[in-house]
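# Whatever this is, show me its structure:
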Amino acid sequence: MTDIDARLSELGLTLPDAPAPAANYVPYVISGNLVFVSGQISQNADGFITGKLGAELDVEAGAKAAATCALGLLAQAKAACGGDFSKLKRVVKLTAFVNSTPDFTDQPKVVNGASDLLVAVLGDAGRHARSAVSAGALPQGVAVEIEAIFELA
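From the prediction side, this is the model:
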């Protein structure tokens, strides 16, 4: 078990299955030493986490939804590494989309749910550049979608 697998276990976190794409794209692309992971949507064992921030969902619920996206990103990164987290060097960048009302302005606080989880699991290797933007709607009505760039060792 790698340090990342051990840390996930210590935190009581389980990675979801790395889902296959729902359309004509691939879940990740490796270019050089970078892995570009397609957007992962907010979902858990009960299904999609849906709703609009500033209407049905508050910042805390949004941050929890963003954390599920981070787990999906890690699952895809692990798949890109052939199941071997020791090949993962760091998170480089997140681009996050938050399904929110026009007057909602706390997108960064929502996306902290993903950022905090990545740092908790990966330590300094989880620190990353990031964008957190509002979206008027997201696929399946999900609350959050996040894509990532990882660096391979």
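# C-alpha only now, for contacts and for neighbours.
Fine.
# How about the residue located most distally from the centre of the chain, nearest residue that isn't a chain neighbour?
Relative to the mean C-alpha coordinate of the chain, counting by Cα atoms, centre = their mean, the farthest residue is D103 (24.1 Å). Using Cα to Cα, 6 or more residues apart in numbering and skipping residues adjacent in sequence, the residue nearest D103 is G54, 7.5 Å away.
# Could you check how many residues crowd around the one you found?
Using other Cα atoms under 10 Å, G54 has 17 neighbouring residues.
# One more: the one 5 residues further on?
Using other Cα under 10 Å, V59 has 19 neighbouring residues.
# Spatially nearest residue to it (excluding sequence neighbours)?
For V59, ignoring the flanking residues on the chain, the nearest one in space by Cα to Cα, 6+ apart is V110 at 5.5 Å.
# Show me where the chain dips below the pLDDT cut-off.
For the chain, applying pLDDT under 70 flags the ranges 1.
# From V92, how far off is R130?
Distance from R130 to V92, counting by Cα to Cα, to the nearest Å: 9 Å.
# neighbour count winner among the two?
The neighbour comparison of R130 against V92 (other Cα under 10 Å) goes to V92, with 18 against 15.
# Could you report the neighbour count for G82?
The burial count for G82: 10, using other Cα under 10 Å.
# I should have written L152 there, sorry.
Residues contacting L152 under the criterion other Cα under 10 Å number 19.
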